[in-house]
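Participant: attaching a predicted model along with its sequence, questions to come.
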Amino acid sequence: MVLSRFWLAIFVSSILFVVVSLFSGNTYTIDFLLNGKKDDPVLVSEKFLNEIPVFIKDSIEKSAEKIYVLDNIKTNPDTTYVFQNQTVKIYSGVQKSDGLLATAKSSLVDLIIPLIAYLAFFCGLMQLLIDSGASDKLAKKLSPVFTKIFPSVPKNHESISYMTLNFAANFLGLDSAATPFGLKAMQSLQEINPDKDKASDAQIMFMCLHAAGLTLIPTSIIGYRAAENAANPADVMLPCIITSFIGTIAAFIIVGIRQKINFKSASLVIALMTLIGAIVGLLFYINALDLVEKNFFTSNLSGLMLVTIIAFTLIFSWINEKKFTALKTTIFDSFVVGANNGLKTGVTIFPYVLAMLVAISMFRNSGLFDLISGGIAFIASHAGMSKEITDSLPVALLRPFSSGGSRGFMIDAMKTYGPDSLTGRLSSIFQCSAETTFYVIAVYFGSINMKNTRYTLGTMLLVDLICVITAIFVASWFF
């Protein structure tokens, strides 16, 4: 219910805002909201040739292309004058994201079809893990810990192994593998959910632990920083880990208090201390490497782990081939069955993803997001926050809505202020230490047709806020 109302609120408010802007003269056309493409120039006005300044008119008439570009100061975009069909069209700035219709198309072509491919492959692997008995063994090993975090999940339940693989994939930055594992976990948890229309406690805990985006090796962030010639592209790795880890612990505590989880459980404390020890140990090892060794390690760890998971699944299945025979199938046929289930899941979640993405497109292109983010930055600056921090806030504000949009702001911040500036580094930490909340909710709950997400959205947004605040303190401390 909360998600539905929020979706309606951002959609309707964006439409109202752009209609008011159109009739008040602040917006010249709304066609870009429907048909525009990201980074296309925005039409801001149209005039007759004799209505524009003389020097611009003369420049256009002398130009073979009938185009004149007016270079503005750095704080403003260039203005382009195009003489066409007896009028001069004036363009200034670029579109923030694809228009509604373009988003509808790209959500299928650029998002859902690749996602279906990932789902098909990894769901095929998961079917091998199930039929070979590997998932049962993993669930039995981890049940003592997971039954404390997810009290409503039966001991040795198959969802434990799926959640483990999902957390591990996220931890290693393997997004393409994490989503299929997570969707399988949600479907498995739905099977034991007594109220199919209402999110269970276990599902809410699972989703909220996602919100902090706990990642050990932020490979993509390091890559973007390297592309912008950062002195040490991996220097944000430790702040990213600290920020996302604190966010994860906050999510666990917030949801745990509401679900009355026993935080004094010995197995839970041991598991937490083991995780902290492993992270600290690995960080000490990485810190001892020189720059070349560090870049080699961080760029290969995630890929190596993914190859290891695939190799283990296939070898374990081959060793336990008798189990496939007992099920009257083969390893290959089992993989195909799982891949087919992944295909069906991808088709199921498409409407949910589409609904969320078109609303976000309208929200960004209407200018309402810029107004809100500008207002927050203005308040923050007058509250004593430094300009270096307020310049990076658009990344934090957009991250829950759009990973691609916030990534664009992050890259722009590094280009404008430098990758080694506080703004550039803080933008990188914001991008790494939170999840695309609305997309994740649409995908994961959409896969099981969940109607009532209860307090999931509010908690995930609260965790996002905690990550933002933590990132500011951690970045200020480190840099």
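Facilitator: Nice, I can see it.
Participant: quick one: low-confidence parts of the stretch 101-250 of the chain?
Facilitator: Within the stretch 101-250 of the chain, the ranges that satisfy pLDDT under 70 run 172-176, 216-217, 219.
Participant: one more time with 90, if that's ok
Facilitator: Applying pLDDT under 90 to the stretch 101-250 of the chain flags the ranges 101-127, 129-185, 194-197, 209-250.
Participant: now the strands for it?
Facilitator: Along the stretch 101-250 of the chain, no segments are classed as strands by DSSP state E, counting those that start in this stretch.
Participant: all helices for it, in order.
Facilitator: Remark: helices assigned in the stretch 101-250 of the chain by DSSP state H, counting those that start in this stretch are 113-132, 134-149, 158-171, 175-191, 201-210, 219-227, 237-258.
Participant: and those as JSON lines, adding distance to K387 and mean neighbour count?
Facilitator: (Each C-beta comes from the backbone N, C-alpha and C, glycine too.) Listed next are the helices of the stretch 101-250 of the chain as JSON lines, based on distance: least, CB to CB, whole Å; neighbours: other CB atoms under 10 Å:
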{"stretch": "helix 113-132", "distance to K387": "39", "mean neighbour count": "22"}
{"stretch": "helix 134-149", "distance to K387": "41", "mean neighbour count": "18"}
{"stretch": "helix 158-171", "distance to K387": "33", "mean neighbour count": "24"}
{"stretch": "helix 175-191", "distance to K387": "33", "mean neighbour count": "22"}
{"stretch": "helix 201-210", "distance to K387": "32", "mean neighbour count": "24"}
{"stretch": "helix 219-227", "distance to K387": "21", "mean neighbour count": "19"}
{"stretch": "helix 237-258", "distance to K387": "20", "mean neighbour count": "21"}
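Participant: looking at those, which is nearest to I67?
Facilitator: With CB to CB, the closest approach to I67 among the helices of the stretch 101-250 of the chain belongs to helix 219-227: 31.0 Å.
Participant: and the closest one, what does it pack onto?
Facilitator: Where contact means 3 or more CB pairs under 8 Å, 6 or more residues apart in numbering; DSSP states H and E, helix 219-227 is packed against helix 291-319, helix 403-417, helix 422-432.
Participant: point out the most buried one among the ones you listed.
Facilitator: Among the helices and strands packed on helix 219-227, ranked by average contacts under mean count of other CB atoms under 10 Å, first place goes to helix 422-432 (a mean of 28).
Participant: which residues touch the next helix-or-strand element following that one?
Facilitator: In the C-terminal direction, the helix or strand that comes right after helix 422-432 (DSSP states H and E) is helix 437-446. Contact partners of helix 437-446, identified using CB atoms under 8 Å, 6 or more residues apart in numbering, comprise 3, 179, 182-183, 186, 199, 207, 210-211, 348-349, 351-353, 355-357, 360, 400-403, 453, 456-457, 460-461, 464.
Participant: what comes up buried for the helix or strand following helix 437-446?
Facilitator: The element immediately downstream of helix 437-446 (helix or strand, assigned by DSSP H and E) is helix 456-478. Neighbour-count burial for helix 456-478, counted by 16 or more other CB atoms under 10 Å, picks out 456-457, 459-460, 462-464, 466-468, 470-472, 474-475.
Participant: so what secondary structure elements neighbour helix 456-478?
Facilitator: Helices and strands touching helix 456-478, by 3+ CB pairs under 8 Å, 6+ apart, are helix 2-23, helix 201-210, helix 237-258, helix 422-432, helix 437-446.
Participant: run the angle between the last one and helix 113-132 for me.
Facilitator: With axes from the mean of the first three to the mean of the last three CA atoms, to 10 degrees applied, the angle from helix 437-446 to helix 113-132 works out at 50 degrees.
Participant: the second one too?
Facilitator: Using the same axes, to 10 degrees, the direction of helix 201-210 lies 130 degrees away from that of helix 113-132.
Participant: what angle separates helix 201-210 from helix 237-258?
Facilitator: Following the same axes, to 10 degrees, one obtains 160 degrees for the angle between helix 201-210 and helix 237-258.
Participant: now do helix 201-210: everything it contacts.
Facilitator: 149-153, 159, 163, 167, 170, 182, 185-186, 189-190, 192-193, 199, 248, 251-252, 254-256, 259, 435, 440-441, 444-445, 450, 453-456, 459-460, 463.
Participant: can we see that at 7 Å?
Facilitator: Residues outside helix 201-210 that contact it (CB atoms under 7 Å, 6 or more residues apart in numbering): 149-150, 152-153, 163, 185-186, 189, 193, 248, 251-252, 255, 259, 435, 440, 444, 454-456, 459-460, 463.
Participant: where's K89, which helix or strand?
Facilitator: Using DSSP H and E, K89 sits in strand 87-94.
Participant: buried set for that strand?
Facilitator: Across strand 87-94, burial judged by 16+ other CB under 10 Å covers 88-92.
Participant: and stretch 28-41, what's buried?
Facilitator: Within stretch 28-41, the residues that count as buried by 16+ other CB under 10 Å are 28, 30, 32-33, 36, 38, 40-41.
Participant: should've said stretch 439-455
Facilitator: For stretch 439-455, by 16+ other CB under 10 Å, it's 439-448, 450, 453-454.
Participant: report the distance from it to the chain centre.
Facilitator: Here stretch 439-455 shows a centroid-to-chain-centroid distance of 16 Å under the convention CA atoms, centre = their mean, to the nearest Å.
Participant: N26 - how many residues pack around it?
Facilitator: N26: 12 surrounding residues under other CB atoms under 10 Å.
Participant: in three-state terms, label it for me.
Facilitator: Following DSSP: H, G, I helix; E, B strand; the rest coil, N26 is assigned to coil.
Participant: now it: how far from F17?
Facilitator: For N26, the distance to F17 equals 10 Å [CB to CB, to the nearest Å].
Participant: same question for T164.
Facilitator: Taking CB to CB, one finds T164 at 44 Å from F17.
Participant: and S447, by the same measure?
Facilitator: Taking CB to CB as the measure, S447 falls 32 Å from F17.
Participant: repeat that for F332.
Facilitator: Going from F332 to F17 by CB to CB gives 54 Å.
Participant: so for these two, which sits in the more crowded spot?
Facilitator: The neighbour comparison of F332 against F17 (other CB under 10 Å) goes to F17, with 19 against 12.
Participant: what is the nearest of the buried residues of stretch 28-41 to K344?
Facilitator: When these are compared for distance to K344 (CB to CB), K38 wins out at 30.7 Å.
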